[in-house]
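Colleague: Predicted coordinates and the sequence they were generated for:
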Amino acid sequence: MLMRAIGNRVQNWLARPLYNIYEKQLERELQHGIIPKHVGIILDGNRRFARQHKMSTVVKGHRHGADKLREMLRWCYEFNISVITIWIFSLDNFDREADEVQGLFNLIENRTLEWLKDPEIEEKKVRFRYSGRTELLPESLQKTIAKAEEQTMNHKDFVLNIAIAYGGREEITDAFRRYVEAGKEKGLSLDDLQKEMQPETLEPFLYTSGLPEPDLIIRTSGELRLSGFLLWQSAYAEYYFCDVLWPEFRRIDFLRALRSYNQRKRRFGK
């Protein structure tokens with residue numbers, strides 16, 4: 001085990017100069033490229049990372065993933081990607097072991113409170129938004145979410161949209177429900193609502209109302225599916241799937257995703 005660890009360190013040390021050269025090449029390719037305005041990220045692979053590294057709990061893998069998110073935000077600042085949507089907890093995740101779920105909620109709450117004290121959030125004018133059925137979350141986490149949204153509500157430069165207790169089908173279901181309720185408050189009948197129903201009439205009732213649709217969606221860990229992430233909004237998004245587990249996601253992987261996006265010709269269904 002010791003010799004393997006030493007071997008990995010030596011291999012990484014030898015490979016570092018090559019990675020630096022490749023990273024600079026990618027940066028040059030992107031200098032005059034088209035950069036997405038809204039990037040969605042499915043942060044997948046935290047649990048597998050914990051198991052591969054024989055950590056005592058999978059929550060420690062999520063902790064490494066939270067550290068990686070700080071790096072990711074700085075890469076987005078660098079390229080002026082103004083909206084970042086991250087999926088950190090799905091509705092299906094409630095079915096996991098109770099200790100893991102509670103540990104993850106504690107981690108999210110603690111890191112959020114740390115971020116709110118971070119001068120960089122104020123300096124970069126990052127606004128926190130949350131998408132999902134947040135009423136299902138523990139009360140203390142709900143209060144922290146409300147504090148984060150209130151404290152950053154006037155920030156205009158960047159938006160960190162956090163999908164938590166989120167499901168794509170549930171978002172569309174909730175949007176229809178809100179649409180019908182709003183119509184009833186206006187005194188409209190079901191026939192009236194049916195007649196005026198168009199895709200654009202539903203958009204104001206989505207969790208992401210007011211945000212641009214995602215240009216690029218990245219999923220780590222090698223899974224080749226969206227699992228319902230931004231199901232409505234991603235109709236014309238470009239996708240990038242990466243084999244790297246989220247805690248091991250590097251800047252060079254991010255640059256590859258941007259280059260891939262830059263090389264595509266977006267047709268928007270035409």
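Modeller: Sure, I can see it. Numbers count the residues shown, from 1 in each chain.
Colleague: which SS class is W87?
Modeller: At W87, secondary structure determined by DSSP: H, G, I helix; E, B strand; the rest coil is strand.
Colleague: who's in contact with it?
Modeller: G40, I41, I42, L43, A163, Y166, F229 (CB atoms under 8 Å, 6 or more residues apart in numbering). Where C-beta positions appear, they are placed from N, C-alpha and C, glycine not excepted.
Colleague: please redo it, this time with the cut-off set to 6 Å
Modeller: Taking CB atoms under 6 Å, 6 or more residues apart in numbering, we find W87 in contact with I42, A163, F229.
Colleague: Number of residues surrounding the residue nearest to it when sequence neighbours are not counted?
Modeller: Computed as CB to CB, 6 or more residues apart in numbering, the closest residue to W87 that is not its neighbour in sequence is A163, at 4.3 Å. Residue crowding around A163 was assessed by other CB atoms under 10 Å; the count is 26.
Colleague: Pretty sure A163 sits in a helix.
Modeller: No: read with three-state DSSP, A163 is strand and lies in no helix.
Colleague: In this structure it contacts Y130, no?
Modeller: No: A163 is beyond contact range of Y130, at 7.9 Å (criterion: CB atoms under 6 Å).
Colleague: Distance check, the residue nearest to W87 against T57.
Modeller: Computed as CB to CB, to the nearest Å, the A163 to T57 distance reads 23 Å.
Colleague: Ok, D174 next?
Modeller: Taking CB to CB as the measure, D174 falls 33 Å from T57.
Colleague: next one: Q233
Modeller: Applying CB to CB, the value for Q233 to T57 is 34 Å.
Colleague: Same question for L136.
Modeller: 23 Å.
Colleague: Just want to know which of the two has more residues nearby.
Modeller: Between L136 and T57, counted using other CB under 10 Å, T57 has the larger neighbour count: 14 against 11.
Colleague: This completes my enquiry, with thanks.
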